[in-house]
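> Fold the stuff below for me.
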Amino acid sequence: MSKRLIPVLILAVGIAGFMILKMTRPEPAEVSATERSWRVQVQQVEPGTHTPVLPLYGEVLAPEQLTVTATLAGRIGARPVTEGQRVSEGELLVALDEADIQPALAQAEAQVNDLKAQIRSEQVRYRNDQAALASEQAILENARRQLERTRSLVSRNLASREALEAATDAAARAELTVNTRQRAIEEHPARLQSLEAKLAQAEANQLSTRRDAERARMVAPFDGMVTDIRVAEGDQVSRNEPLLSLYPVDGLELRARVPEMFRGELLDALARGETLTATSEGDQHRFRLTRFAGTSDASGTEAILELEGEAGGIRPGGLLPVTLERAARSNTVSIPFSALYGADSVYLMSSDGRMERARIERIGEARGSNGERRLLVSGEALVSGAQLITTHLPNAVTGLKVDVADFGASAQ
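Residues are numbered from 1 along each chain as shown. Coordinates of the predicted model:
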């Protein structure tokens, strides 16, 4: 009987212990639901006047680059410069061999002297023709009188028919001689004019040859950089063959394509006389916007920017990224890109610590104090002292509770 009661007693003791523990346990603390808060960084809004910038990518050109060509055919006698060499105004670039220049000068001078001699000969001929005409006219008169006497004698049977024919032939020959001489005298002005025209042409050719001979020794017309050398000393070249190129070191330009949406604004700024400058990375080179190209296409219009200062390491044909400063805009705020939601929205922090969506207008890019890229915007809600949320939250929505983690710098 006692063995049967042992399990019952054990069970009863266990139940009693459980009830005692249940009654003596501590009451759990009440849990109340709390709203989650997101920690964000904010920037105090301070509207002011800022300069928007426009990133551009352009090609360096040398609009004043000239190509030196051979003025005469001949052999290259000297070429003291090398590719990429910087030269000063008046410094020798290339010269033709003097042995090839002198024959051209001598030939041009000989043509002039020959035509001058022909003119003198024509004038002597004219004077001789005038003197000979008087004698030939006297001979013609004698021949005519002889013909009349012979006719009279023949009519009286005092001379033969053969004598009459001889007198007739003599008179005809004398008349032909006079006519030929008169025609030669009448043609004198035309012959003289033709020779004088040929002389003028020969003298012009002589001047041209002398000029080409002087230019056969080619010197730098300005301080510049030598490039595109095509010949070496001793090469045989033909007339007008390109020899080398030279461009001024202080006349470089940058041509960069500007989107059509910015062209009108930039043109208006230029019309107002504003100076718009562009700088390369690290401010190594500085350019000034001067004008736009005369034509454009679907991708935009080429802006022409002139280099200010030394060219440094840039060369024509090189590609260079620059940042163009646009006209300054008032009542704008510089914000980080992380503050932007979509294309035209930001969030402000309300007085009770909640997010409020605000519409803004994108003006363009700006540069921060340390050179970082920022966004330049304006909007009615961006008033002085407002707290702009700069932390980008994927679940951002109006009314979302936020806490300030750290204050960013005020907009500059």
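
> residue ranges for the helices of the stretch 151-300 of the chain, please.
Ranges of helices in the stretch 151-300 of the chain, per DSSP state H, counting those that start in this stretch, are 161-186, 188-215, 260-271.

> can I get those helices in CSV with mean pLDDT, mean neighbour count and distance to residue 234?
All C-beta spots, glycine's among them, are computed from the backbone N, C-alpha and C. Listed next are those as CSV, based on pLDDT from 0 to 100; neighbours: other C-beta atoms under 10 Å; distance: least, C-beta to C-beta, whole Å:
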stretch, mean pLDDT, mean neighbour count, distance to residue 234
helix 161-186, 82, 15, 56
helix 188-215, 91, 14, 20
helix 260-271, 90, 14, 52
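
> Now tabulate these in CSV and tack on distance to residue 376.
Putting the helices of the stretch 151-300 of the chain into CSV (distance: least, C-beta to C-beta, whole Å) gives the following:
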stretch, distance to residue 376
helix 161-186, 90
helix 188-215, 55
helix 260-271, 13
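
> Identify whichever of those lies nearest to residue 284.
Smallest distance to residue 284 across the helices of the stretch 151-300 of the chain (C-beta to C-beta): 23.0 Å, for helix 260-271.

> Now do the closest one: which elements does it pack against?
Contacts defined by 3 or more C-beta pairs under 8 Å, 6 or more residues apart in numbering; DSSP states H and E place helix 260-271 against strand 286-297, strand 300-308.

> who's in contact with it?
Helix 260-271 is contacted from outside by 54, 258, 276, 289-292, 296, 300-301, 303, 326-327, using C-beta atoms under 8 Å, 6 or more residues apart in numbering.

> residues contacting residue 90?
Contacts here follow C-beta under 8 Å, 6+ apart; on that basis residue 90 touches 219, 220.

> same thing but at 10 Å, please
Contact analysis of residue 90 by C-beta atoms under 10 Å, 6 or more residues apart in numbering lists 219, 220, 221, 222, 223.

> ok so, going back, so which of the helices of the stretch 151-300 of the chain comes closest to residue 247?
Closest to residue 247 of the helices of the stretch 151-300 of the chain, according to C-beta to C-beta: helix 188-215, at 19.1 Å.

> what is the orientation angle of that closest one with helix 161-186?
Relative orientation of helix 188-215 versus helix 161-186 (axes from the mean of the first three to the mean of the last three C-alpha atoms, to 10 degrees): 40 degrees.

> helices or strands up against helix 188-215?
strand 92-96, helix 98-155 (3 or more C-beta pairs under 10 Å, 6 or more residues apart in numbering; DSSP states H and E).
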